[in-house]
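Enquirer: Here is a sequence together with a model predicted from it:
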Amino acid sequence: MSLSVNDLAGGVSRAHLAMAHLEQVLNEADAKLGDGDTGSMLARVLEHLAAVNLDEENDVGAAFNAFALAAAAATGSSLGTLLSTAMMAAGKEARGQNELDWSAMSGLFAVARDTMMARGRASVGDKTVLDGLDALATATNGLNNPKAIAEASITATRDALARFRGQPCRVGRARMFAEKSVQLDDPGMLALALLTEAVAGKTSAAG
Amino acid sequence: MKKLLNAPTDYVDEALDGLTMAYPSLVRAGTAGRVIRRAGGMRNDKVGLVSGGGFGHLPLFTGYVGSGLLDTCSIGNVFEGPSIASCVDAITLANGGRGALLLYGNYGGDRMNFDMAGEMLEEKGIKTATVLGTDDIASARPEEAEKRRGVAGIIYAYKAAGAKAEEGADLDEVARVATKAVDATRTLGLALSPCQVPTAKQPSFSIAEDEIEMGMGIHGEPGIWRKKLMPADEIAGEMVQRLLADRPKNAGERVCVLVNSLGATPLDELFILYRRVGALLKEEHLTVVSSLVGPFVTSMEMAGVSISLCFVDDQLEALLTAPADCPFWRVG
């Protein structure tokens, strides 16, 4: 069993559909620490991603690149740009391959984490989406079964949220709410957890 | 919150349509129409001055495209940075062959997108330099001044750099002057009521009817304290005191003053504040070189003010009083 362009498109489609109810959930979470528009931004990005036509595309790397360009065109927000940057890096990793072994997932999460770290000038431990990605990379390391990867991913992102819930945000706008942010989820990390569930085919209630 | 709009998702593009229809000196450009450029196009003999940022702050950023000010501006969605593509378009359109200065506020999304656009264009031979607006004294301590956000005071950097570029100075000199203006400027905000991103279901923050927040940022970033509303003179007194306590080490005795509405606060109230601000500066033996009072950098319907002081020397005074013309600011 291996990861193909169809799998990517299917994951994007499920994430896009999930945004119908996640949009306001994420907006509300973001409003506690930010502008209150993370959900709307991600809904717009995923709408653009879902509209990418991959009918004639077999190259997994090229599909990631097409998603990266679509995300970059949809938003200039920090999280959206980081997402685009991560998909561009994943595209480089998978360039020229029509199928990826599922065991490559951990490496792709790690590449996404490291690229976003470099571009966003944040670190693992700062209570951002990077911590969710770091948890994904660790939890999926050595797994090559899609069902096992899905289950490990859901657990990892949920655990990351719980682990950081007692800590303050250290970067970005949320760092200014250090005390308040302690008991709140980082909106980016929350979005990753909820969308991981959606991509894995599990529905989610609000955070 | 009540807003005059058609669809939340059309908010930015329809506002830009109206802006450029009302002011033919501004033209929409770029592949997504998210760049504003001067109607006359770019001159080949000057450095281009580019800015950009999220929408929702008019007249910032797009309104300051004009002679002696910006050449182009890239625009994001409300409170979101401009896309990389819009930044590439804005820089390309501002490049007359002598490079472009990228002058924008210190926000993560803006920085990432302008950085990536600059890196892409450098490969095509377009030279760029970057200066970040960091005038908001409430957003970080003086020893971490590089982390401060850019707010209303950035218009002084636009004006100084724009005037220098019009003189025909090279990119390094225009960047040096922009940095000098940023270093000379301090801003402090005060919020009375919130605003709401059009696509969101609730305001970006909540504040009690009888409360104010000193130091709040233009997107509702937390400030220094939240207290009960107090008389305007007391507010002006504390804001001026905090700004002067943070003044640059080499600050002289001449200042430019900006008393800015964040959107909903009327001119009447701005002048009530200015009355006290002007008196306090006089008591401090500071000479006011120029005064700006009005909505120069807003946050949609947010009520509140910001006060900016730009401490000038002979060079900055000359640049800030040199002729400039855009729909929202005319000098000389």
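Expert: All right, it came through fine.
Enquirer: Counting neighbours, what do you get for B:A245?
Expert: Using other Cβ atoms under 10 Å in any protein chain shown, the number of residues around B:A245 comes to 10. Using the backbone N, CA and C atoms, a C-beta is placed for each residue, glycine as well.
Enquirer: Who are the contact partners of it?
Expert: Residues counted as contacts of B:A245 (Cβ atoms under 8 Å, 6 or more residues apart in numbering or on different chains): none.
Enquirer: ditto for the one 4 residues further on
Expert: In this structure, B:K249 makes contact with no residue, judged by Cβ under 8 Å, 6+ apart.
Enquirer: Spell out which helix or strand contains A:F67, please.
Expert: When secondary structure is defined by DSSP states H and E, A:F67 falls within helix A:60-74.
Enquirer: Would you mind listing the buried residues in the very next helix or strand once past that helix?
Expert: Using DSSP H and E, the helix or strand that follows helix A:60-74 towards the C-terminus is helix A:78-94. Counting neighbours by 16 or more other Cβ atoms under 10 Å in any protein chain shown, one finds that the buried residues in helix A:78-94 are A:78-91, A:93-94.
Enquirer: per-residue confidence averaged over helix A:78-94?
Expert: Averaged across helix A:78-94, pLDDT comes to 93.
Enquirer: Send me that helix as PDB with only the CA atoms.
Expert: Output for helix A:78-94, consisting of C-alpha atoms alone and laid out as PDB, is shown next (Å, rounded to 0.1, in the frame of the first residue of the first chain):
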ATOM      1  CA  SER A  78       1.300  33.700   8.900                       C
ATOM      2  CA  LEU A  79      -0.200  30.300   9.400                       C
ATOM      3  CA  GLY A  80      -1.300  30.100   5.700                       C
ATOM      4  CA  THR A  81       2.100  31.100   4.500                       C
ATOM      5  CA  LEU A  82       3.800  28.600   6.700                       C
ATOM      6  CA  LEU A  83       1.400  25.900   5.400                       C
ATOM      7  CA  SER A  84       2.300  26.800   1.900                       C
ATOM      8  CA  THR A  85       6.000  26.800   2.700                       C
ATOM      9  CA  ALA A  86       5.600  23.300   4.300                       C
ATOM     10  CA  MET A  87       3.800  21.900   1.300                       C
ATOM     11  CA  MET A  88       6.500  23.400  -1.000                       C
ATOM     12  CA  ALA A  89       9.100  21.600   1.000                       C
ATOM     13  CA  ALA A  90       7.100  18.300   1.000                       C
ATOM     14  CA  GLY A  91       6.800  18.700  -2.800                       C
ATOM     15  CA  LYS A  92      10.600  18.900  -3.100                       C
ATOM     16  CA  GLU A  93      10.900  15.700  -1.000                       C
ATOM     17  CA  ALA A  94       8.400  13.800  -3.100                       C
END
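Enquirer: so what does that helix touch, helix or strand wise?
Expert: Helix A:78-94 makes packing contacts with helix A:38-50, helix A:60-74, helix A:105-120, helix A:129-139, helix A:187-199, helix B:108-122 when contacts are defined by 3 or more Cβ pairs under 8 Å, 6 or more residues apart in numbering or on different chains; DSSP states H and E.
Enquirer: What angle do helix A:105-120 and that helix make with each other?
Expert: Between helix A:78-94 and helix A:105-120, the angle formed by their directions is 130 degrees, by axes from the mean of the first three to the mean of the last three Cα atoms, to 10 degrees.
Enquirer: Can you give the distance of helix A:78-94 from its chain's centre?
Expert: Shown here is helix A:78-94, whose average C-alpha point lies 10 Å from the average C-alpha point of the whole chain (Cα atoms, centre = their mean, to the nearest Å).
Enquirer: Name the next helix or strand downstream of it, please.
Expert: Toward the C-terminal end, the helix or strand that comes next after helix A:78-94 (DSSP H and E) is strand A:100-101.
Enquirer: hmm, who's touching that next one?
Expert: Under the criterion Cβ under 8 Å, 6+ apart, residues A:S2, A:L3, A:S4, A:V60, A:A94, A:N144 lie in contact with strand A:100-101.
Enquirer: Over to stretch B:144-153?
Expert: Counting by Cβ under 8 Å, 6+ apart, stretch B:144-153 makes contact with B:60, B:104-107, B:132-137, B:139-140, B:182, B:185-187, B:189, B:217-218, B:221, B:258, B:260, B:296-297, B:306, B:308, B:310, all of which sit outside it.
Enquirer: what's the domain layout of chain B?
Expert: Residue ranges of the domains in chain B are recorded as B:12-183, B:186-331, according to automatic domain parsing.
Enquirer: For the helix or strand containing A:K147, list the C-alpha coordinates in CSV.
Expert: In this structure, A:K147 sits in helix A:146-164 according to DSSP H and E. Backbone C-alpha positions of helix A:146-164 (Å, rounded to 0.1, in the frame of the first residue of the first chain) are rendered in CSV as follows:
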residue,chain,number,x,y,z
PRO,A,146,-2.3,4.1,6.9
LYS,A,147,-4.8,3.1,9.6
ALA,A,148,-2.1,2.9,12.2
ILE,A,149,-0.7,6.3,11.0
ALA,A,150,-4.2,7.9,11.2
GLU,A,151,-4.8,6.6,14.8
ALA,A,152,-1.3,7.6,15.9
SER,A,153,-1.7,11.1,14.4
ILE,A,154,-5.0,11.8,16.0
THR,A,155,-3.7,10.7,19.4
ALA,A,156,-0.4,12.6,18.9
THR,A,157,-2.0,16.0,18.0
ARG,A,158,-4.6,15.6,20.8
ASP,A,159,-1.9,14.8,23.3
ALA,A,160,0.2,17.8,22.1
LEU,A,161,-2.8,20.1,22.8
ALA,A,162,-3.2,18.7,26.3
ARG,A,163,0.5,18.8,27.0
PHE,A,164,0.8,22.5,26.1
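Enquirer: Return the distance of that helix from the chain's centre.
Expert: The offset between the C-alpha centroid of helix A:146-164 and the centroid of the whole chain comes to 12 Å, using Cα atoms, centre = their mean.
Enquirer: Against which helices or strands is that helix packed?
Expert: Contact here means 3+ Cβ pairs under 8 Å, 6+ apart; on that basis helix A:146-164 packs against helix A:129-139, helix A:187-199.
Enquirer: Tell me the secondary structure at the residue of the stretch 1-150 of chain B found nearest chain A.
Expert: Among the residues of the stretch 1-150 of chain B, B:G81 lies nearest to chain A; the distance is 3.6 Å by Cβ to the nearest Cβ. In three-state terms, and counting by DSSP: H, G, I helix; E, B strand; the rest coil, B:G81 is coil.
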